[in-house]
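# Sequence first, predicted coordinates after that:
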Amino acid sequence: MEKVIVVCLFGIVGGIFFAKMNYPGGAIVGSMLFSGIVSMIFTQQIVITQNISLIIQIILGISLGVTFDRSFLGMIIKVTPLAVVSTVMLLLVAIGMAYVARRLNIIDFATALFGFSPGGMSGMSLLAQSEGHKTQVVAFLHTVRIFTLFIVVPIISRLIR
């Protein structure tokens, strides 16, 4: 339990530090980076209990849920077809990438599919774990994707503005 507290404290420090530096997605990127580095320092894997994980997921869900307002209702009809097409396209790319990873003997197809599939890191990692695949690989692939997107998307957005 002491290790979990240390990792959480470093995650908080990293999140605050990156947020104060105005780093794109600073709170998330900083907390992931700092807690990830500290986790790797420990010889045993850090495990957050299911109850704590559930609380964190609920808080994240609430923080996203409160961003919805009535003005969004009209957008749902317009955005849903694009969301479906985007998901199908991303899933096809994920299948292709998983195939390549398997053919190159990097990782097995199923683990790669969970890692390259669109979706949240925590959700896809938990699903991969429940299916018996390499959770740390799935989490790493999503971490690379998230870090890259958190750096690139704000830059593209600013360039377009």
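Received, thanks.

# Quick check: Ile48 vs Leu60, distance?
14 Å (Cβ to Cβ, to the nearest Å). In this view, the C-beta of every residue, glycine as well, is placed from N, C-alpha and C.

# cool, Thr80 as well?
For Thr80, the distance to Leu60 - Cβ to Cβ - is 22 Å.

# who has more neighbours, these two?
Leu60 (13 against 10; other Cβ atoms under 10 Å).

# before we move on, what SS does that one have?
Taken by DSSP: H, G, I helix; E, B strand; the rest coil, the conformation at Leu60 corresponds to helix.

# how much space between it and Arg158?
Distance from Leu60 to Arg158, by Cβ to Cβ: 26 Å.

# From the contact counts, what lies against the helix or strand of the chain with the lowest mean pLDDT?
Lowest mean confidence among the helices and strands of the chain (mean pLDDT, DSSP states H and E): helix 121-130, at a mean of 82. When contacts are defined as 3 or more Cβ pairs under 8 Å, 6 or more residues apart in numbering; DSSP states H and E, helix 121-130 packs onto helix 50-65, helix 109-116, helix 135-160.

# Please parse the protein into its domains.
1-67, 70-161 (automatic domain parsing).

# among these, which gets the worst mean confidence?
When those are ranked by mean pLDDT, domain 1-67 comes last with a mean of 86.

# Just give me how far that domain sits from the chain centre.
12 Å (Cα atoms, centre = their mean, to the nearest Å).

# In PDB, list the C-alpha atoms belonging to stretch 71-83.
Once non-C-alpha atoms are left out, stretch 71-83 reads as follows in PDB (Å, rounded to 0.1, in the frame of the first residue of the first chain):
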ATOM      1  CA  SER A  71     -26.800  22.400 -27.000                       C
ATOM      2  CA  PHE A  72     -25.100  19.000 -27.600                       C
ATOM      3  CA  LEU A  73     -28.400  17.200 -28.300                       C
ATOM      4  CA  GLY A  74     -28.600  18.700 -31.800                       C
ATOM      5  CA  MET A  75     -25.000  17.700 -32.600                       C
ATOM      6  CA  ILE A  76     -25.600  14.000 -31.700                       C
ATOM      7  CA  ILE A  77     -27.500  13.300 -34.900                       C
ATOM      8  CA  LYS A  78     -24.800  15.100 -37.000                       C
ATOM      9  CA  VAL A  79     -21.800  13.600 -35.300                       C
ATOM     10  CA  THR A  80     -22.900   9.900 -34.800                       C
ATOM     11  CA  PRO A  81     -22.500   8.800 -38.400                       C
ATOM     12  CA  LEU A  82     -19.000  10.300 -38.500                       C
ATOM     13  CA  ALA A  83     -18.200   8.600 -35.200                       C
END
